[in-house]
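Engineer: Whatever this is, show me its structure:
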Amino acid sequence: MKNTFITLVFVALGALFFAPNASAHGDTKPLHGGVVKVEHEMVFELVREESGASLYLRDHGKPYPTEKVTGDITVLAKGKKSDVELTSAGGNKMSANIVIPEGAKVLVKVKEDGHHSVTVRFTF
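Structural biologist: Numbering: from 1, shown residues only. This next block holds a predicted model:
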């Protein structure tokens, strides 16, 4: 009985020790109805809209301001490639005048002065 209890305690402690921390860089639930990816310790949410696309940036769960961020978005769909610039839309939002069809592969590249660029891949 004593050996069983000790084994159970070690298994429980091991499960707690090796459990992944899912919220290390903030919540990865979509806040705007888009697709969420985590790259370079930041959360990127890409939202398809009727007349374009929006990208929302978060860092450790907090909105990341985009006024100094530049970027572009590349959509690969139906054998065609479309490239458009992403521009700051205030707060943590960037926008692009591009349509993302179902089944598309999307590459988003963003850069801020003094930092290296980050490329994020999405699939719809």
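Engineer: Which positions within stretch 100-118 qualify as buried?
Structural biologist: Neighbour-count burial for stretch 100-118, counted by 16 or more other C-beta atoms under 10 Å, picks out Ile100, Ala104, Val106, Val108, Val110, Glu112, Val118. The way it works is simple: take the backbone N, C-alpha and C, and place the C-beta from them, glycine included.
Engineer: Just name the closest of the residues you listed to Glu39, please.
Structural biologist: Val118 (5.5 Å; C-beta to C-beta).
Engineer: Could you tell me which residues make contact with the closest one?
Structural biologist: By C-beta atoms under 8 Å, 6 or more residues apart in numbering, the contact set of Val118 is Glu39, His40, Met42, Lys109, Val110, Lys111.
Engineer: quick one, helices of the chain?
Structural biologist: Secondary structure of the chain by DSSP state H: the helices cover 2-18.
Engineer: Where do the strands of it begin and end?
Structural biologist: 35-39, 42-49, 52-59, 62-63, 69-77, 80-88, 93-96, 105-112, 118-123 (DSSP state E).
Engineer: which parts of the first one are buried?
Structural biologist: Of all the residues in strand 35-39, those buried under the rule 16+ other C-beta under 10 Å are Val35, Val36, Lys37.
Engineer: I'd like the average pLDDT over it.
Structural biologist: In this model, strand 35-39 has an average pLDDT of 92.
Engineer: give me the low-pLDDT residue ranges for the protein?
Structural biologist: Scanning the chain for pLDDT under 70 picks out the ranges 1-27, 30.
Engineer: isn't Gly34 right next to Leu57, touching?
Structural biologist: No. Contact criterion C-beta atoms under 8 Å: Gly34 and Leu57 do not qualify, at 11.9 Å.
Engineer: which one of these two has more residues nearby?
Structural biologist: Leu57 (22 against 19; other C-beta atoms under 10 Å).
Engineer: What separation do you get for Val120 and Glu50?
Structural biologist: 22 Å (C-beta to C-beta, to the nearest Å).
Engineer: now Val38
Structural biologist: 27 Å.
Engineer: now swap in Leu57 and tell me
Structural biologist: Leu57 is 22 Å from Glu50, by C-beta to C-beta.
Engineer: so what's Glu112 up against?
Structural biologist: Glu112 neighbours (C-beta under 8 Å, 6+ apart): Lys68, Val69, Thr70.
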